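>>> How does the following fold in three dimensions:
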Amino acid sequence: MFLAVFFAALPTAAQQILPHSLGPWQGVSTNGVAFRPAPVTGMIPVAPPQPVLSEYGWASTESSTYSSGAPNVNERLQATLFKMKDPSGAYGLYSFLITPDLKAASYTEHSSVSAGRAVILVGNLVLDVEGSDLPELETQIKSLVAAVQPHAQTGPLPDLWQHLPPRGFVERSNRYVLGPQTLNQLFPVALGDSLGFSKGAEAELGHYKLNGHDATLLIVDYPTPGFAMQQLAELQRQFNVNGSRPDAAPPLFARRDYTLLAIVSGAQTQTEASNVLDQIQSGTQLTWDEPTFQFKEPSIEMMIVGSIVGAGVICGFALIAGLAFGGFRLFMKRLLPGKVFDRSTQVQVLQLGLASKPINAEDFYASVGTVSGGAAVDKNLPDRIALRIFR
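The predicted structure is shown next:
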């Protein structure tokens, strides 16, 4: 029995992230006895609903209470740690947990604090800390962050919030959304999965002040412009988007910019919604980089000039080549007479007797002797044939 309990406790200890103590502050149970914080796998001890956590990629949760141990002082910190599958999901949960009373803190790049609560993003981990007068306990909270930092998985965070227009924006009201369950809790109109979250869409929403009343802007990013156009058409069939269904309420105003789809709820007129929608730019540029070929036929004048120039170049080349060959031949005949050209043992140039120079029969034979069969070679035969031809 003891061995079974021991081996069952090993996975719990291996998954533990929250520290046992924060300097002099010790982890305690409700009756003041020291304990080791353990993962909570069967339930979620704080506000986020289970469907919301599932959409953000929830993996596990730990909870621990730390006490200063000072007599007659009731100083405690209740720390809850959410471990998500990736930093993007953790960023989404962090944006879901923060409330308007929380102010920006310096614990990490994304951290918020008030007198009784602090929410801190550390990679794929989200810390939700509760206590009294938390700004005065900055040392303990930073110690808690430093203890969980080695267990965090780092990575790039979503930047869709950068497309939220600044004019009229309510500070710290933006929320990152990855699923329909979370969207239905944050957006005034229950759009469900009509935005295509199951196909790779992600969204960011924020609250705005338009002419003294509240409005909500939802920005959805899609993988391709075609997909964004398709989802806009689907929304216009199901909801009253840009007056597509006047019988349906409430009205929504939407506009697409490449892969971004912006939807405004709470605006009373199209002009009022355009004050927000006109500020949205996706920053995406479509370019066509396929090489092109353009054929332009030259004029007749250029063709004639080109032909003359081309013929001149060919003639000049032929003249230069002929002079070069003739000059080389004359040079070699003077330098090495009878060695390279006009050799008597080999036929070089056939002399047909067209001039007054007599025919040299030696130019027709490479050797002197007899042919096969023992017959003698008549060396004067070419002379007699040539004389008969040219008489």
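
>>> Look up phi and psi at the closest residue to residue 199 other than its chain neighbours.
The shortest distance from residue 199 to any non-neighbouring residue, by Cβ to Cβ, 6 or more residues apart in numbering, is to residue 227 (7.1 Å). In this view, the C-beta of every residue, glycine as well, is placed from N, C-alpha and C. Per-residue torsions, residue 227: phi -70, psi -40 (degrees, to the nearest 10).

>>> Count the neighbours of residue 227 for me.
Neighbour count for residue 227, taken as other Cβ atoms under 10 Å: 16.

>>> Go ahead and confirm it touches residue 221.
No - applying Cβ atoms under 8 Å, one finds residue 227 not in contact with residue 221, separated by 10.2 Å.

>>> shared neighbours, the two?
residue 259 (Cβ atoms under 8 Å, 6 or more residues apart in numbering).

>>> where along the stretch 251-391 of the chain do the helices fall?
Under the criterion DSSP state H, counting those that start in this stretch, the stretch 251-391 of the chain contains helices at 270-277, 300-335, 381-390.

>>> for the ones you listed, which one ends up most surrounded?
Mean neighbour count (mean count of other Cβ atoms under 10 Å) peaks for helix 270-277 among the helices of the stretch 251-391 of the chain, with a mean of 17.

>>> Hmm, residue 251 is touching residue 244, no?
No - contact criterion Cβ under 8 Å: residue 251 and residue 244 do not qualify, at 9.6 Å.

>>> Sketch out the low-pLDDT regions of the stretch 51-200 of the chain for me.
Residue ranges of the stretch 51-200 of the chain with pLDDT under 70: 70-74.

>>> Break down it into its helices, ranges please.
Remark: helices assigned in the stretch 51-200 of the chain by DSSP H, counting those that start in this stretch are 87-97, 138-148, 180-186.

>>> I would like the residues contacting the first one, please.
The list of residues contacting helix 87-97 from outside it, by Cβ under 8 Å, 6+ apart, reads 47-48, 52-53, 55-58, 82, 84, 110, 119-121, 123-126, 128, 153-158, 174-178, 182, 186.

>>> Which residue ranges make up each domain of this structure?
11-151, 160-277, 301-336, 343-391 (automatic domain parsing).

>>> any idea how far the shortest one is from the chain center?
I take that to be domain 301-336. Centroid separation between domain 301-336 and its chain, computed with Cα atoms, centre = their mean, to the nearest Å, is 60 Å.

>>> Averaged pLDDT, that domain. What do you get?
Taken as a whole, domain 301-336 carries a mean pLDDT of 88.

>>> Which residue ranges of the stretch 151-300 of the chain form strands?
All strands of the stretch 151-300 of the chain, identified by DSSP state E, counting those that start in this stretch, fall at 175-177, 202-210, 213-221, 252-257, 260-265.

>>> Identify the residues contacting the residue nearest to residue 199.
Contact analysis of residue 227 by Cβ under 8 Å, 6+ apart lists 196, 199, 259.

>>> Please check the contacts of helix 87-97 and keep the buried ones.
48, 52-53, 55-58, 82, 84, 110, 119-121, 123-126, 128, 157-158, 174-178, 182, 186 (16 or more other Cβ atoms under 10 Å).

>>> still on that earlier bit, so among the contacts of residue 227, which ones count as buried?
For those, buried by 16+ other Cβ under 10 Å: 196, 259.

>>> still on that earlier bit, check the strands of the stretch 151-300 of the chain for me and report the most buried one.
That would be strand 175-177, which, of the strands of the stretch 151-300 of the chain, has the most neighbours on average (mean count of other Cβ under 10 Å), namely a mean of 25.

>>> Partner strands of that strand and their direction?
strand 202-210 (antiparallel) (DSSP bridges).

>>> tell me the angle the partner strand makes with helix 87-97.
Interaxial angle, strand 202-210 versus helix 87-97 (axes from the mean of the first three to the mean of the last three Cα atoms, to 10 degrees): 30 degrees.

>>> Can you give the distance of strand 202-210 from its chain's centre?
26 Å.

>>> do stretch 161-179 as well
23 Å.

>>> Next, the distance between the ends of it.
16 Å (Cα to Cα, to the nearest Å).

>>> One more: stretch 110-122?
OK, stretch 110-122 end separation, Cα to Cα: 8 Å.

>>> distance of residue 273 from residue 331?
Look at residue 273 and residue 331: by Cβ to Cβ, to the nearest Å, they are 94 Å apart.
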